[in-house]
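Q: Here's my sequence, what's the structure:
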Amino acid sequence: MTVSEQLQQQLENTFVGKPWYGQPINTLIAECNWIAAFAMLPGAVHSIAHLVLHMTAWTEEVTSRLKGNTASEPARGDWPAPGAASEQKWHALVTDLDEANSNLVKALQAFPEDQWNNLIDDKRGVFEPRPTYQEMVKGLIEHQIYHAGQIALLNRINHVS
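A: Modelled structure (predicted):
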């Protein structure tokens, strides 16, 4: 199995598969109603909608880097505001995350196999040493799993409250 295939398999397992640690991200998000998604619980820093938008922003940034662009903050920003709460807005946020993941899979498939161990193009000096493209994608998958845990907890608290 190629590196591209391995990363795609890990990504897809995280979002729609059967990860060993629990539910995939799409299932966790599907269990959220729009009211719970925008709720700001006491002591919470982010809502579920905020987390989904953050995950989308970083998925788009990693896709951009795989397409040859220099590393930067996500075009949407690191923690973009989700805007006014509505059912329509929630569905748009979920659709954006799905589309970002589809685009990432396409970028993984198109990425040259012999370049996975190359260092990412990052002139900001944020990470020393710079990660490889493979490490970057694995890091994004870990990032998404981390935030999936937060979504699961917030959704559980919302249903108990």
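Q: which helices and strands does the longest helix along the chain pack with?
A: Ranked by residue count, the top helix of the chain under DSSP state H comes out as helix 133-160. Secondary structure elements in contact with helix 133-160, counted by 3 or more CB pairs under 8 Å, 6 or more residues apart in numbering; DSSP states H and E, are helix 3-16, helix 25-30, helix 34-38, helix 48-66. Every C-beta, even on glycine, is put in place using the N, C-alpha and C of the backbone.
Q: for these, which one sits closest to residue 134?
A: For residue 134, the closest of these is helix 3-16, at 5.9 Å, according to CB to CB.
Q: if we look at that closest one, which residues are touching it?
A: Taking contacts as CB atoms under 8 Å, 6 or more residues apart in numbering, the residues outside helix 3-16 that touch it are 1, 19, 24-26, 101, 104-105, 108-109, 111, 113, 116, 134, 137-138, 141, 144-145, 148.
Q: Just the buried subset of these, written out for PyMOL, thanks.
A: Buried residues among the contacts of helix 3-16 (16 or more other CB atoms under 10 Å), as a PyMOL selection:
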select buried, resi 24+25+26+101+104+105+108+111+116+134+137+138+141+144+145+148
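Q: how near is residue 157 to residue 82?
A: As for residue 157, its distance to residue 82 is 18 Å (criterion: CB to CB, to the nearest Å).
Q: Comparing the two, which residue is more hemmed in?
A: Neighbours per residue, other CB atoms under 10 Å: of residue 157 and residue 82, the larger number sits with residue 82, 21 against 14.
Q: Just the pLDDT for the residue most central in space within the chain.
A: Compute the mean C-alpha point of the chain, and by CA atoms, centre = their mean the closest residue is residue 55, 3.3 Å away. On pLDDT, residue 55 comes in at 98.
Q: can you put the helices and strands packed on helix 133-160 in CSV and add distance to residue 74?
A: As requested, those are arranged in CSV below (distance: least, CB to CB, whole Å):
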stretch, distance to residue 74
helix 3-16, 17
helix 25-30, 18
helix 34-38, 20
helix 48-66, 4
